[in-house]
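Undergrad: after the sequence you'll find the predicted model.
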Protein chains: 2
Amino acid sequence: MKFIIKKEILMENLNNVSKAISSKNLIPILSGIKFELNKKGLFLSASDTDISIECFIDKENIVNIYSEGSIVIGGKYIVELVRKLPSTDITIEVIDGYKMLITTENSSFNLNGINPNEFPNLYLEETKEPITLNTNLFKEIINQTSFTASSSETRPILTGINFKINNNVLEVIATDSYRLAKKKIDVDVNVDNINVVIPCRNLLELSKIITDDNINLEIHLFTNKVLFKYKNILFQSRLLSGTYPASSNIIPLDFKISVECELTKLFGMIDRASLLTSDKDKNTIKLILENKILTIFSNSPEIGKVEEKMNVDNDNFIDISFSSKYMLEALRSFKSDKILINMIDNNSPIILKEVDNDSLIQLILPIKTY
Amino acid sequence: MKFIIKKEILMENLNNVSKAISSKNLIPILSGIKFELNKKGLFLSASDTDISIECFIDKENIVNIYSEGSIVIGGKYIVELVRKLPSTDITIEVIDGYKMLITTENSSFNLNGINPNEFPNLYLEETKEPITLNTNLFKEIINQTSFTASSSETRPILTGINFKINNNVLEVIATDSYRLAKKKIDVDVNVDNINVVIPCRNLLELSKIITDDNINLEIHLFTNKVLFKYKNILFQSRLLSGTYPASSNIIPLDFKISVECELTKLFGMIDRASLLTSDKDKNTIKLILENKILTIFSNSPEIGKVEEKMNVDNDNFIDISFSSKYMLEALRSFKSDKILINMIDNNSPIILKEVDNDSLIQLILPIKTY
């Protein structure tokens, strides 16, 4: 294997493929990136068994190909090294069996590699009928739901995000059982009865790779895995097995109290009140609605107390406590500045949504205080 | 005590005074900020016993003063709280003995405070004949020397920076005994025979507070402490006691080999070579000068090796090893892109300086390799 490539092209693709390298990996071959050069171009691939990524660099984007071949090279070093090279042509060559020689005009790097035959087959297959989503929409979905997925492995299924498609409606749900995000949008797809759970961590990695706006992302679904195709990149993730909890029975439909308010203002009030809470009591704050005044209240006996007031057009009464951290994260997911806080009583879920848009709802369970 | 003040003015001064609050402080009163309001204005002060800071807000910059008084309030909370307030007028009042009531139009904070009589006297005295330095020059001195001060308490004197003034020449030295930075500049001052050691950490905190370019910084020296006066801020630091090691006998004056080279290029070469070194062997790299070629070389048996070459106008021979980390930090301190690497042999210090400027020298001891 010997070829010449521009630094920027190699760098961009190494960056993308390196998302599948886990620093915790104990299997040496999986901390490497496989280089495979043939007549079509250069294939870079990596896998941590959870995520597998392949980036293809077409021969048109390679300065010169002298000879085909392949090698696996330690991912961490090659990425850092290419990043630190000046913007120039780089010659890459396999020498002495499994060594990679990287040269520029004045630099020469000799990296120890591994026999490429030891690298696992990644089976990056495509289906005949992929679902296509706009990249903007995909990133928005991930931004608005991923933070509510669980980070604890106690119930592994909750570390994923649930994607369902029925009758051209895509429903995306994430929950850690204390709060829930649900996004619903009309899509025009040729599949139905889809119900899969994709690890949230993997979707966040994919989201980082997707930088181009408004282009198509192809989703190829299999029974135990999913392949995303974005530009010259194949990104495969395993699916989580198990049944995702049904959300229909925990999201209330009728509310006694529906308060409209300005998001930025409410965010500031809760942000300040959260200063005088402690992690120990889950950053609990209190919302009191009385005489058309919404008050956010928090109290830490040693430090002091905060009271924040806002006039609202609602003369109901409620006194409800919840996690300020969860509420701030939920508020951050909305794009409009007018939101509705829907409540029933101090034991029932709080539902947030935009005033004229039901596409996204954020649910937060109240905290019982005494 | 009761007054009204604009958020921005209070915030800026709280930020500055809070630099003297250590999170590690076990004495509760020293984790607080003292507010003292009198006819002249508001004095904010804090101290961790190592650094003491007082910021004065003139009454001209206070919207309204209703009544004088004082209180000590937990520094961490008041700073965060004021930062999160919208840009508005803030009313601050002492109520119920030692409680601070902070109110804006819709917010009300009630913070527990401490009796101000418990706050120590900071003795922020001024001398009659301060030394004045330009703030730009002061920040430059700190940037160019502080990184070579020791971070280990094994020899406490080396955690400081040595300032000497003799015959209108200011000499600033910092060393951790493996490397040394020395800055020498002509100053026009009315003092002589000055030789003090100021804790480096404190100078870095002061450097953060100094944001205005090209104004005067007054330095008031005492036998065991130093007071810096910058705008409305008094910043006092203790001095380190003990004798700072004399540098004259470790900085060589004559060199057999003096190589001129382009700093940016050399930096890139060493930066890349440092990738294949390990912390265990002090990030050691090798510099070889031979046949007018300067080669930077590093080798990590498990990972691989790097060779970086640059043509230089010097036909001497040397093969010397040193810490790439120290060399990169030293190179970063120069402003000109043309530097001289002065060497004697592979056991003697390496001296870096700019080509036509002796004001700053950086010394690095070589590492013996076998």
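TA: Now that the structure is in, tell me what you want to look at.
Undergrad: quick one: which helix or strand includes the residue of the stretch 101-250 of chain A found nearest chain B?
TA: Relative to chain B, the nearest point of the stretch 101-250 of chain A is residue A:111 (3.8 Å; Cβ to the nearest Cβ). For the C-beta atoms, the positions are set from N, CA and C on the backbone; glycine is no exception. Per DSSP states H and E: residue A:111 is located in strand A:107-114.
Undergrad: now for that strand, which elements pack on it?
TA: strand A:69-74, helix A:75-84, strand A:99-103, helix B:263-273, strand B:304-311 (3 or more Cβ pairs under 8 Å, 6 or more residues apart in numbering or on different chains; DSSP states H and E).
Undergrad: ok, which of these comes nearest residue A:354?
TA: When the helices and strands packed on strand A:107-114 are ranked by proximity to residue A:354, the top entry is helix A:75-84, at 40.9 Å, counting by Cβ to Cβ.
Undergrad: what residues does that closest one touch?
TA: A:7, A:10-11, A:14-15, A:18, A:21, A:23, A:31-33, A:46, A:90, A:100, A:102, A:109, A:111, B:268, B:271-272, B:275-276, B:303-304 (Cβ atoms under 8 Å, 6 or more residues apart in numbering or on different chains).
Undergrad: ok, 6 Å please
TA: A:10-11, A:14, A:18, A:21, A:31-33, A:109, B:271-272, B:275, B:303 (Cβ atoms under 6 Å, 6 or more residues apart in numbering or on different chains).
Undergrad: swap in stretch A:138-153?
TA: Stretch A:138-153 is contacted by residues A:158-159, A:161, A:172, A:174-176, A:179, A:181, A:183, A:200, A:203-204, A:207, A:217, A:329, A:333, A:360 when judged by Cβ under 6 Å, 6+ apart.
Undergrad: show me which residues of the stretch 151-300 of chain A sit near chain B.
TA: A:271-272, A:275 (Cβ under 6 Å from any Cβ of the partner chain).
Undergrad: make TSV from those and add pLDDT and neighbour count to it.
TA: Below are those laid out as TSV (pLDDT from 0 to 100; neighbours: other Cβ atoms under 10 Å in any protein chain shown):
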residue	pLDDT	neighbour count
A:271	96	17
A:272	95	25
A:275	91	21
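Undergrad: just the buried ones from the contacts of helix A:75-84?
TA: A:10-11, A:14, A:18, A:21, A:31-33, A:109, B:271-272, B:275, B:303 (16 or more other Cβ atoms under 10 Å in any protein chain shown).
Undergrad: any regions of chain A where pLDDT drops low?
TA: Where chain A drops to pLDDT under 70, the residues are A:25, A:370.
Undergrad: now distance to residue A:243 too, for the residues of the stretch 151-300 of chain A next to chain B, in JSON lines please.
TA: Shown next, in JSON lines, are these (distance: Cβ to Cβ, whole Å):
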{"residue": "A:271", "distance to residue A:243": "37"}
{"residue": "A:272", "distance to residue A:243": "41"}
{"residue": "A:275", "distance to residue A:243": "40"}
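Undergrad: contact partners for residue A:100?
TA: For residue A:100, the contact set (Cβ under 6 Å, 6+ apart) comprises A:71, A:73, A:111, A:113.
Undergrad: 8 Å - rerun?
TA: A:35, A:71, A:73, A:78, A:92-94, A:109-111, A:113, B:304.
Undergrad: nearest to chain B: which residue in the stretch 251-370 of chain A?
TA: The stretch 251-370 of chain A approaches chain B most closely through residue A:304 (3.7 Å), counting by Cβ to the nearest Cβ.
Undergrad: re the thing from before, just the helices and strands packed on strand A:107-114: most buried one?
TA: When those are scored by mean count of other Cβ atoms under 10 Å in any protein chain shown, the highest mean neighbour count falls to strand A:69-74 (a mean of 22).
Undergrad: residues touching it, excluding its own?
TA: The list of residues contacting strand A:69-74 from outside it, by Cβ under 8 Å, 6+ apart, reads A:1-2, A:29, A:31-37, A:94, A:98, A:100, A:111-116, A:118-119, B:303.
Undergrad: buried members of these into PyMOL, please.
TA: To isolate the buried ones among these in PyMOL, judged by 16+ other Cβ under 10 Å, type:
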select buried, (chain A and resi 1+2+31+32+33+34+35+36+37+94+98+100+111+112+113+114+116+119) or (chain B and resi 303)
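Undergrad: which residue ranges of the stretch 251-370 of chain A form helices?
TA: A:263-273, A:324-332 (DSSP state H, counting those that start in this stretch).
Undergrad: please verify my assumption that residue A:33 contacts residue A:47.
TA: No - in this structure, residue A:33 is not within contact of residue A:47 by Cβ atoms under 8 Å, at 9.9 Å.
Undergrad: need the overlap of contacts for the two.
TA: Residues touching both residue A:33 and residue A:47 (Cβ under 8 Å, 6+ apart): there are none.
Undergrad: may I have the beta-bridge partners of the residue of the stretch 251-370 of chain A closest to chain B?
TA: The partner list for residue A:304 in beta bridges (DSSP bridges) reads residue A:300, residue B:111.
Undergrad: what's the spacing between it and residue B:95?
TA: In this view, residue A:304 and residue B:95 are 12 Å apart by Cβ to Cβ, to the nearest Å.
Undergrad: and if you look at residue A:317?
TA: From residue A:317 to residue B:95 the distance is 29 Å (Cβ to Cβ).
Undergrad: check residue A:84 too.
TA: Residue A:84 is 59 Å from residue B:95, by Cβ to Cβ.
Undergrad: what comes into contact with stretch A:200-212?
TA: Contact with stretch A:200-212 is made by A:16, A:19-20, A:50-51, A:53, A:135, A:138-139, A:142-143, A:146, A:149, A:159-161, A:174, A:217, A:228, A:230-231, A:233, A:235, A:237-238, as judged by Cβ under 8 Å, 6+ apart.
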